[in-house]
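Asker: predicted model follows, preceded by the sequence.
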Amino acid sequence: MVKRIAINTGGGDAPGLNAVIRATVLAAINRGWECYGIRDGFNGILNPDRYADGGVFRLTRDGVRGIAHLGGTILGTTNKGNPLHYPVQMPDGTTRDTDRSGEILDYFAKEKLDALVAIGGDGSLTIAHALHKMGLPVVGVPKTIDNDLDKTFTTFGFDTAVAFATDCLDRLHSTAESHQRVMVVEVMGRYAGWIALHAGISGGAHSILIPEIPFDIEKVAEKVRWRDGLGRMYSIVVVAEGAAPVEGGREVAEAAGTGHAERLGGIGERVARALQERTGKDARVVVLGHLLRGGSPTSFDRLAALRFGAAAVRALEQNMSGVMVSLAFPNVEYVALEEVAGRMKGVPLDSDTLQTARDIGINFGD
Ligand code: F6P
C-alpha cells in the first residue's frame, strides 16, 4: 500500500527546516510513498485561492535537491494561521476567531492523505496534537531557534542562532573596547533565555539578562563600574527579549491577537538607557532580531534536522501518531505530543551551564 503523506512548516522559520523536508521526502520516496507539501502552515489548505500553482503540491526527489544547507523553508510558513483560532474577516471589517481544524481533516480524507509530518515549535505542535486527537495521524518535528521545547535535548535552529550571536559578540568586543562603551545586545528567545545564555557565555559577555532571572539594573551597573575600576573600560551585556527587571514589565512590541502570539522586543533599549544614566558611560544597543533566524544551518542543526526528518518517516512506517521526534543523545526517540504541547522549557536555574557562567564571573543582575 502506497502511503501518501503531507508535510508542513509552521511558526517562525529556523535554519534546518529545509533539511527536515529533504530527509522526510527522500525517506518517504525511498519507501515508495508519495509526499505533498502544504504551503504556509495550513494556509495552503485553508486558502488555496491565494496560490496560483496550488496550496498543496507534490514534493519530488528533484524538488528537494540541494536544499539541506539553505535557510528558510521551501514550503513557506506563518505564525498567524492557527487553524484552531483562525482570524476570519467579517463583512463589517472585524475578525472572528474561528475553529477551521475540521477543514484540515476533510482535506486529508478527500485527497486520501494518510498522515501529516508537522515541523514546528510549541504553537505548531499544539495544533498537531489537537489534529491527532481529532483522528489525523501526525508526527511532530521540534523546530525553534528559541530551544524552549520540552522533552528534547535541543531543537534544530538553536545551534545556528547561538553560533551567529556568538560571532556578533566577538565582533562587538573590539568596537566596545575602542570607544569604552557599554554594548547591549538584545537577542530573541521568547520567554526563555537559552540563546542569551549560550551565546553570552561563548561570546564573553559580562552580564547576561534572561527571563528566568529577574534583574536589578543597579547590579548590572555595578558590574560595569567594577570593570571600569579594573581598567576594563567597556562592558558587553546580552539581554534576552523576554528578560524583565525585578519590578516587572516585560517589553512587548505587539500584543497577541486572533491566531497569533504576542511579539516581544525593546528591552535592549531600556537597559541601555538605564545603564547610560547610572554609569555615565556611552551605551549602544544592537538588536540581532531576525538575523538569528537566517542563513545556513550549522552542521549540528543540519544533521539533527536530517535525522529528525528520517525518524519522522520511520515513525509513520510503524503507524505511530501523536508523537514528536526528540533528540535524546546519542539517539533520536519519540515522545508523546501531549507531553510537549503547551509546555515551555526555560533554562533550569540549577543547570551547570548557568553555574559555569556564575563561576567565571558573569553577572545575571541578581
Ligand atoms: O520563536 C521564534 C522567534 O524568532 C522568537 O524568538 C521571537 O520572539 C519571534 O519568533 C518573532 O516572531 P516574528 O517572526 O513574528 O517577528
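Answerer: The structure has been received and is ready for your questions. Numbers count the residues shown, from 1 in each chain.
Asker: name the nearest residue to Y36, ignoring sequence neighbours.
Answerer: Leaving aside its chain neighbours, Y36 sits nearest to A6 (4.6 Å; criterion: CB to CB, 6 or more residues apart in numbering). The C-beta positions use only the backbone N, C-alpha and C, and glycine is treated the same way.
Asker: would you confirm that that neighbour contacts G37?
Answerer: Yes: the pair formed by A6 and G37 meets the contact definition of CB atoms under 8 Å, at 7.2 Å.
Asker: quick check: neighbours shared by those two?
Answerer: Shared contacts of A6 and G37 (CB atoms under 8 Å, 6 or more residues apart in numbering): V56.
Asker: picking up where we left off before, that's a strand at the residue nearest to Y36, yeah?
Answerer: Yes: assessed by DSSP: H, G, I helix; E, B strand; the rest coil, A6 belongs to a strand.
Asker: contact partners for it?
Answerer: Neighbour list for A6: 35-38, 56, 108, 113, 115-117 [criterion: CB under 8 Å, 6+ apart].
Asker: neighbour-wise, give me the winner out of the residues you listed.
Answerer: The most neighbours of any of the contacts of A6, using other CB atoms under 10 Å, belong to V117, which has 28 neighbours.
Asker: show me what the helix or strand that contains it is packed up against.
Answerer: Element membership of V117 [criterion: DSSP states H and E] is strand 115-120. Applying 3 or more CB pairs under 8 Å, 6 or more residues apart in numbering; DSSP states H and E, we find strand 115-120 packed against strand 4-9, helix 17-29, helix 122-133, strand 138-142, helix 299-317.
Asker: please repeat the previous calculation with a cut-off of 6 Å.
Answerer: Counting contacts by 3 or more CB pairs under 6 Å, 6 or more residues apart in numbering; DSSP states H and E, strand 115-120 is packed against strand 4-9, strand 138-142.
Asker: how about the residue in the chain that the ligand sits nearest to, phi and psi?
Answerer: Going by CB to the nearest ligand atom, the ligand is nearest to M188 of the chain, at 3.1 Å. Here is the backbone geometry of M188 (degrees, to the nearest 10): phi -70, psi -180.
Asker: quick one: low-confidence ranges for the stretch 151-300 of the chain?
Answerer: By pLDDT under 70, the stretch 151-300 of the chain contains no weakly predicted segment.
Asker: what parts of it come near the ligand?
Answerer: Counting by CB under 6 Å from any ligand atom, the stretch 151-300 of the chain comes close to the ligand at 188-190, 241, 263-264, 293.
Asker: if we can go back for a sec, in TSV: the contacts of A6, plus pLDDT and distance to the ligand.
Answerer: Converted to TSV, the contacts of A6 look like this (pLDDT from 0 to 100; distance: CB to the nearest ligand atom, whole Å):
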residue	pLDDT	distance to the ligand
C35	98	26
Y36	98	25
G37	98	21
I38	98	19
V56	98	24
F108	98	27
L113	98	27
A115	97	25
L116	98	21
V117	98	20
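Asker: among these, which are located in helices?
Answerer: Residues of those located in helices (DSSP state H): F108.
Asker: any chance of the contacts of A6 in a markdown table, plus distance to R273?
Answerer: Putting the contacts of A6 into a markdown table (distance: CB to CB, whole Å) gives the following:
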| residue | distance to R273 |
| --- | --- |
| C35 | 51 |
| Y36 | 50 |
| G37 | 46 |
| I38 | 44 |
| V56 | 49 |
| F108 | 52 |
| L113 | 53 |
| A115 | 51 |
| L116 | 47 |
| V117 | 45 |
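Asker: between the contacts of A6, which is closest to T356?
Answerer: If you rank these by distance to T356 using CB to CB, V117 comes first, at 36.4 Å.
Asker: how many residues are close by D359?
Answerer: 9.
Asker: which one's the longest helix in this protein?
Answerer: From DSSP H, the single longest helix across the chain is helix 158-179.
Asker: which elements pack onto it?
Answerer: strand 182-187, helix 194-202, helix 299-317.
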